[in-house]
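In: Generate a structure from the sequence data that follows.
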Amino acid sequence: MARRSCTTKRRPTQVTGNPFRGNTSHPKPKAYFADLRDMPKCVTKDTMSKQFRVFIVPSDIQSILDRLRSKVGLRVIEETAPSSKPIEAESPVRKRSLWIKEKDYVPVRCYLLPDRGADIKMRYIPRQSHWIVHSEGAEGLEFSGCGYDGKTLVEGRFYFQNDMLIDDTIWPKRKEFIDRADKVFRITKKQLRWSKELDAYIGENAEHFRKNGGKFATRIRPDGEPAYVDEHILKH
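Out: Residues are numbered from 1 along each chain as shown. Predicted coordinates for the structure are as follows:
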């Protein structure tokens, strides 16, 4: 697919290969981008990534994780760490949200590594005195959202970038990573039901949760309250 025209005068150069593996002629990158929102506007987000949205409760997450571990040897890495060494976790589900006051939502914020040789870089955040996974260059899939408190389930997302920006050049990530990441997507989707109304995939236990009175929400508003999905949409 051709990239869209840029709003700036200079267009990034797209190349093949990996600057971190066997290419000593490429200069060391001057800066990394911790978030896609920090990237130059001339880099089109949708051509650099793949994603899908989900409504899955913790038991759905565990079922998916067990399946992925048996099929691709998946590892779970915490988004943050006290040092430059990534922390491997048994489960992506955290016990309590650090951002939602007076609520007991259980959010997910981690990276799924489908390859034992995955290249993971960490970036230090001085203001918060901890390290964070460098998302734009990571050979991992970002898994986030799915806040859950037993009454409300917040939408989640599986996401990965298939290339990265270094200086003014767009570099593709390793083919091995792309192939494995696509396989993770296929396996995960097969365990879920697609909802055209929600534009998202729904887990079996999440379906039971909703039918028994639970509510779906697309996000948590700034005031800490859920933005609920309209009930008439779910009745279709």
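In: center of this structure, which residue is that?
Out: Nearest to the geometric centre of the chain sits Glu142, at 2.1 Å (CA atoms, centre = their mean).
In: so what's that residue up against?
Out: Applying CB atoms under 8 Å, 6 or more residues apart in numbering, we find Glu142 in contact with 110-111, 135, 157-160. (Glycine included, C-beta is placed from N, CA and C.)
In: Give me the nearest residue to Lys215, chain neighbours excluded.
Out: Counting by CB to CB, 6 or more residues apart in numbering, Thr152 is the residue found nearest to Lys215 once chain neighbours are left out, at 5.0 Å.
In: Tell me how many other residues crowd that neighbour.
Out: Thr152 has 18 neighbours, counted by other CB atoms under 10 Å.
In: on that earlier part again, now the residue nearest to the centre of the chain: which helix or strand?
Out: With elements taken from DSSP states H and E, the one containing Glu142 is strand 141-145.
In: repeat for Met164
Out: strand 163-166.
In: What pLDDT is listed against the residue nearest to the centre of the chain?
Out: We note a pLDDT of 95 for Glu142 in this prediction.
In: shift numbering so it begins at 452
Out: Taking 452 as the first residue, the last one we looked at is Glu593.
In: Please report the distance of it from Gln502.
Out: 9 Å (CB to CB, to the nearest Å).
In: same question, Trp622
Out: Distance from Trp622 to Gln502, by CB to CB: 20 Å.
In: Neighbour count: those two, which is higher?
Out: Trp622 (22 against 13).
In: which SSE is the more buried one in?
Out: Counting by DSSP H and E, the element that carries Trp622 is strand 620-623.
In: Pull out the buried positions in that strand.
Out: 621-623 (16 or more other CB atoms under 10 Å).
In: go on, stretch 515-522?
Out: 515-516, 519.
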